[in-house]
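[1] compute the structure for the input listed below.
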Amino acid sequence: MADERAGSQLSSKDILMLVMAFLLGVTLTALALTIKTKQTTQQAGGNNGQTEQSATAKAGASVDIAKTFPSWNSNSASLAELVAYVQDVCDPNSPNYKEPAQRIATFDMDGTIISEKAPMYVDYMLLIHRVLDDPNHKADPDVVELLEKIQWEAMRGNKNSDYSPGKRIAIAHEFAGMTPEEFRAYVNEFLDTVPVEGFEGMTYGQSFYKPMLEVIDYLRANDFDVWMVSACEREVTRGVVERLGIPADHVVATNVAYTTTGQGEELPYKYTMEQDEQVLMGEPLSSEKCEKNGKVLAIAREIGAHPLLAFGNSSGDYAMLNYAEASGGMGLLVVADDLVREYGNEKNSAEQYALVTDESWTAFSMANDWATIYGEGVTKTELPGLVEDGELAEAA
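    Below is the predicted model:
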């Protein structure tokens, strides 16, 4: 027994060899896991569409302004303020760090990300096209008369609010019976084919402000959840912003009426649709418009959280900007003060800059902060009605 035990014992040399083999195995395993993790991270970054800029921004590194925001003037103090804020709330080492789920950004549409001086809001121009210019649609005579008046005013730079109630009824009536998908397809055809009034070189679908599209891309790269909050009709807004990758469920706007194929005059809570029915656009529009305090209430109802960032351009957005500021966020106002490349308004701009100071918002100046508005090849001309009258004036 003693001899057997002695034969089974390992020498110190054998033990040393075993230890070295074990340590080598552990090292090789750790190296393989490191390589696999790096590959997985790179693949995930590619799948999420993350750029080199987005990765460095999240890490708190400086942002290459010229590369990330090519449509901005590189010395824009307002842009620098936005970038600094985003870097701060995205830095895990900052006391102001916000989890991605808290990074909500709300944007108004007309005048904030797309032209509203062309010569009026996009839903007005869509309705003018539908009623007066679409050869495949025959509108009610009363609607035709109303839209002729709206068009006459618009082409001369006038926005007559007396026509707004009639326009809201008309846009629901003239598209009633379409499915939401058919309606959005109509909106996109309009955007792709109809030239912008008062400009040369772009359709309505190309009349987005390039600097603001770069802001949206930058925020997405830093895990901000982007929402569109507009006084425009919900389905119009959905049709306009879907080309920006903003999904239908991230649009907060003025409610539209829906019905189903066989519902008729029945109330929704008394009717059950059949499987062969479709949802259709109905009428009338909601009497509660999504503007001013209505935007704040709609955000609370549909998003359920304060935005960290809120972008607007007019009095209809001021409440939303204050809602963001109230929770430690930023309210940012696009000011249409460019009289050369855009139909800016000096008086309105001066009033807005005074308000920006009073409310501690941040202003984006079209004239001073933006190197371009719509990009190369786009030129401001004159409004058609003013050419006919032999005079010039600002757009609505």
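[2] give me the contacts around stretch 311-324.
    Stretch 311-324 has contacts (C-beta atoms under 8 Å, 6 or more residues apart in numbering) with 105-108, 110-113, 116, 212, 215, 229, 231, 291-293, 295-296, 299, 306-310, 330-336, 355, 359, 361. Where you see a C-beta, it was placed from the backbone N, CA and C, and this is true even at glycine.
[3] mind doing that once more with 7 Å?
    Stretch 311-324 is contacted by residues 106-108, 111-112, 229, 231, 291-293, 295-296, 299, 306-310, 330-334, 336, 359, 361 when judged by C-beta atoms under 7 Å, 6 or more residues apart in numbering.
[4] so for it, what gets flagged as buried?
    311-314, 316-324 (16 or more other C-beta atoms under 10 Å).
[5] I'd like those as TSV, with secondary structure, pLDDT and distance to residue 140 appended.
    Shown next, in TSV, are these (DSSP: H, G, I helix; E, B strand; the rest coil; pLDDT from 0 to 100; distance: C-beta to C-beta, whole Å):
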residue	secondary structure	pLDDT	distance to residue 140
311	strand	99	37
312	strand	98	34
313	coil	98	33
314	coil	97	31
316	helix	97	29
317	helix	98	33
318	helix	98	36
319	helix	98	35
320	helix	98	35
321	helix	98	39
322	helix	98	41
323	helix	98	39
324	helix	98	42
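[6] which of the contacts of stretch 311-324 are buried? Put it as a PyMOL command.
    Command for PyMOL that selects the buried part of these, burial taken from 16+ other C-beta under 10 Å:
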select buried, resi 106+107+108+111+112+229+231+291+292+295+296+299+306+307+308+309+310+330+331+332+333+334+336+361
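[7] now, which of the contacts of stretch 311-324 lie within strands?
    106, 107, 229, 231, 309, 310, 330, 331, 332, 333, 334 (DSSP state E).
[8] quick check: the fifth one touching residue 331?
    No: in this structure, residue 309 is not within contact of residue 331 by C-beta atoms under 7 Å, at 8.2 Å.
[9] just the helices in the stretch 1-150 of the chain please.
    2-8, 12-47, 52-58, 65-68, 77-90, 122-128, 141-154 (DSSP state H, counting those that start in this stretch).
[10] an error on my part: the question was meant for the stretch 201-350 of the chain.
    Along the stretch 201-350 of the chain, counting by DSSP H, counting those that start in this stretch, helices occupy 210-221, 234-241, 293-302, 318-326, 346-359.
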